[in-house]
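>>> Predicted model follows, preceded by the sequence.
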Amino acid sequence: MKFIFGLIILFGCQYTGSYIRNILNIPIPGNVIGMIILFSLLYSGILKEKHIKDVSDFLLKNLSLFFIPASVGLIMYVNIFKEHGAKIFFLTILSYILVLVITGLVVEFLAEREDKIDGTFN
Amino acid sequence: MEHLTKQPIFWIGITILLYVSSSFISNKFKNPLCNPIPLSGGLIILLLLFLNVDYQTYMTGGKYIHLLLGPATVALALPLYRQRKLLKRFGIPIITGIAIGSTVGIISTYIFAKFLKTSDIIALSLTPKSVTTPIAMEVSKIIGGIPSLTASVVVFTGILGAVSGPEILKLFKIKNPISIGIAIGTSSHGLGTSRAIKEGEVEGSMSGLAIGVAGIFTAVLTPLFLKFL
């Protein structure tokens, strides 16, 4: 019962997010806005962690599962990949590594500097 | 066989079955290449090609699993809420890191694409590849790319993050869970986050945060940068 109730809250946040997205006409997806809504509800104390804990932990534990149908969608681009695949793969991998490593180094550097004050980072 | 492959429940069953078995393999071998997403996704693609079934037919069942991606993304607010103290404490390093990372993503992709002499339309389609699918597709549409091609490269980038994110960061001696989470979420959105969660709650929550923030930066910055590139 608590599980269903939690799921309704999560869907509720998502649909409210989609609704806001549609009226404001912004390129931010409903589920990201929904995430902000849920965070605000928790932060302001309107919702308690226990209301959504079971369902959230279940969904996040199986997050990989929910990405499988979208990944199978790669099947529709077999032809584009046959033609331009090598270039696309190469530049995607290169750019991915750059973003990953530079972001990591920047956060690590800035957070460590911040942390010299009281030392909770490491 | 034909009437079986027309049943949505058949594809729901296959997806869950492959997910459960590939998660088992992935836990057993601890090899990042055994990630359940490419493993199950790849096997389903092979099965569809073998049975000559198209993606639309698969999605008559797949859409029910895909439907839960929405609430699962919303649920990322919970680990973030649990880590709210870290968020306050390290707000500036986190936001700065995501802003720089997003910028690197946009500019590097566009410049590499030009350098490799891909057509304009492919270069534009690839530019928003680092962020979550709905934002990437919208940006692609705005700047004149092909949204569906963008979506497929987004998935590919995400799989890279899920398979190699923590390992590559380790090579560069990036050890802190905050840096690891932010780097994975910024470079490879939700798919990367599905892996970050397995590394720990701080990694998972920070990666989840970066999905949204990197998405917003990319949505705002991409059209802006393209004016100057």
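Thanks, I have the structure now.

>>> C-alpha only now, for contacts and for neighbours.
OK.

>>> Now do the longest helix seen in chain A: distance to the chain's middle.
Using DSSP state H, we find that the single longest helix of chain A is helix A:78-115. Put simply, helix A:78-115 sits 17 Å off its chain's centre (CA atoms, centre = their mean, to the nearest Å).

>>> next one: stretch B:95-109
The answer for stretch B:95-109 is 16 Å, by CA atoms, centre = their mean.

>>> Is it in proximity to chain A?
Yes. Stretch B:95-109 reaches chain A (CA under 8 Å from any CA of the partner chain) through B:96, B:97, B:98, B:100, B:101, B:102, B:104, B:105, B:108, B:109.

>>> what's the host helix or strand of the first one in contact with?
What that stands for is residue B:96. According to DSSP states H and E, residue B:96 maps onto helix B:91-115. With CA atoms under 8 Å, 6 or more residues apart in numbering or on different chains as the test, helix B:91-115 has contacts from A:91-92, A:95-96, A:98-100, A:102-104, A:106-107, A:110-111, B:87, B:120, B:122-124, B:126-130, B:179, B:182-183, B:186-187, B:210, B:213-214, B:217-218, B:221-222, B:225.

>>> Let's check: the centremost residue of chain A is which one?
Closest to where the C-alpha atoms of chain A average out (CA atoms, centre = their mean) is residue A:32, at 7.2 Å.

>>> Tell me how far that one lies from chain B.
6 Å (CA to the nearest CA, to the nearest Å).

>>> That residue against residue A:17, yeah?
Yes. Taking contacts as CA atoms under 8 Å, residue A:32 lies within contact range of residue A:17: 7.4 Å.

>>> between the two, what contacts are shared?
The contact lists of residue A:32 and residue A:17 share no entry, where a contact means CA under 8 Å, 6+ apart.

>>> Secondary structure element holding the residue of chain A at minimum distance from chain B?
Proximity of chain A to chain B (CA to the nearest CA) peaks at residue A:35, 4.2 Å away. Counting by DSSP H and E, the element that carries residue A:35 is helix A:30-43.

>>> Return the distance of that helix from the chain's centre.
That offset, for helix A:30-43, works out to 12 Å (CA atoms, centre = their mean).

>>> in that helix, what counts as buried?
A:30, A:31, A:32, A:33, A:34, A:35, A:36, A:37, A:38, A:39, A:41, A:42 (16 or more other CA atoms under 10 Å in any protein chain shown).

>>> Whatever helix or strand comes next after that helix packs against which elements?
Remark: after helix A:30-43, the chain's next helix or strand is helix A:49-61, criterion DSSP H and E. Under the contact criterion of 3 or more CA pairs under 8 Å, 6 or more residues apart in numbering or on different chains; DSSP states H and E, helix A:49-61 touches helix A:2-24, helix B:69-75, helix B:77-82, helix B:177-199.

>>> quick one, which of those helices is packed in tightest?
helix B:177-199 (a mean of 30; mean count of other CA atoms under 10 Å in any protein chain shown).

>>> by how many degrees do that helix and helix A:49-61 diverge?
80 degrees (axes from the mean of the first three to the mean of the last three CA atoms, to 10 degrees).

>>> ok so, going back, elements contacting the longest helix of chain A?
In terms of contact count using 3+ CA pairs under 8 Å, 6+ apart, helix A:78-115 is assigned the packing partners helix B:91-115, helix B:147-171, helix B:177-199.

>>> for the record, mean pLDDT for that helix?
Averaged across helix A:78-115, the pLDDT comes to 90.

>>> Give me the buried positions along that helix.
By 16+ other CA under 10 Å, the buried positions in helix A:78-115 come out as A:81, A:87-88, A:91-93, A:95-112, A:114.

>>> quick one: contacts for residue 75?
This is for chain A. Applying CA under 8 Å, 6+ apart, the residues contacting residue A:75 are B:45, B:55.

>>> oops, chain B please
Here residue B:75 is in contact with A:10, A:35, A:38, A:56, A:59, A:60 (criterion: CA under 8 Å, 6+ apart).

>>> What's the separation between residue B:24 and residue B:35?
10 Å (CA to CA, to the nearest Å).

>>> mind listing what whichever residue of chain B sits closest to chain A touches?
As assessed by CA to the nearest CA, chain A sits closest to residue B:74 within chain B, at 4.2 Å. Going by CA under 8 Å, 6+ apart, residue B:74 touches A:10, A:13, A:14, A:31, A:32, A:34, A:35, A:36, A:38.

>>> again, only this time at 6 Å
A:31, A:34, A:35 (CA atoms under 6 Å, 6 or more residues apart in numbering or on different chains).

>>> I'd like the distance between the nearest residue to the last one once chain neighbours are set aside and residue B:58.
Going back to what we said before, that points to residue A:35. Leaving aside its sequence neighbours, residue A:35 sits nearest to residue B:74 (CA to CA, 6 or more residues apart in numbering or on different chains; 4.2 Å). Remark: distance between residue B:74 and residue B:58 (CA to CA) = 25 Å.
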